[in-house]
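**Student:** sequence isn't available, so here's the structure alone:
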């Protein structure tokens, strides 16, 4: 199981994965926007998205949980 966390303060611009989705290592889970730059948040391992903890438009802080992959 892997927890995926935000690496910076940013807005959740787009959610590209959903709970229950099968993902591979390196797949994009969400895209964050900070200072007009788009930052993809990638799956760190292959598995199933067990929990998606963010929604589009939400502001995340550094260290906030984005997703859990099992």
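**Tutor:** Yep, it's here. Bear in mind that the values here come from a model prediction, so they are computed numbers and not experimental data.
**Student:** quick one: end-to-end distance for stretch 17-37.
**Tutor:** End-to-end distance of stretch 17-37 (Cα to Cα, to the nearest Å): 20 Å.
**Student:** residue 5 touches residue 66, doesn't it?
**Tutor:** Yes - at 6.2 Å, residue 5 and residue 66 qualify as touching, with contact defined as Cβ atoms under 8 Å. All C-beta atoms are positioned from the backbone trio N, CA, C, and that covers glycine.
**Student:** those two - which one has more neighbours?
**Tutor:** Higher neighbour count among residue 5 and residue 66: residue 66, with 22 against 15, using other Cβ atoms under 10 Å.
**Student:** measure that one to residue 1 for me?
**Tutor:** Separation of residue 66 from residue 1 (Cβ to Cβ, to the nearest Å): 14 Å.
**Student:** hey, where'd the strands end up in this structure?
**Tutor:** Remark: strands assigned in the chain by DSSP state E are 2-5, 10-15, 22-23, 28-34, 37-42, 47-52, 59-60, 65-69.
**Student:** for residue 12, which residues make a bridge with it?
**Tutor:** Residue 12 has these beta-bridge partners by DSSP bridges: residue 32.
**Student:** let me know the pLDDT of it.
**Tutor:** As predicted, residue 12 sits at a pLDDT of 98.
**Student:** before we move on, what about the one 5 residues further on?
**Tutor:** Note for residue 17: predicted pLDDT of 96.
**Student:** just the one 5 residues further on next, same as before
**Tutor:** Residue 22 carries a pLDDT score of 98 in this model.
**Student:** can you tell me the closest non-neighbouring residue to it?
**Tutor:** In this structure, residue 22 finds its nearest non-sequential neighbour in residue 48, 5.7 Å apart by Cβ to Cβ, 6 or more residues apart in numbering.
**Student:** nice, that's everything, thank you.
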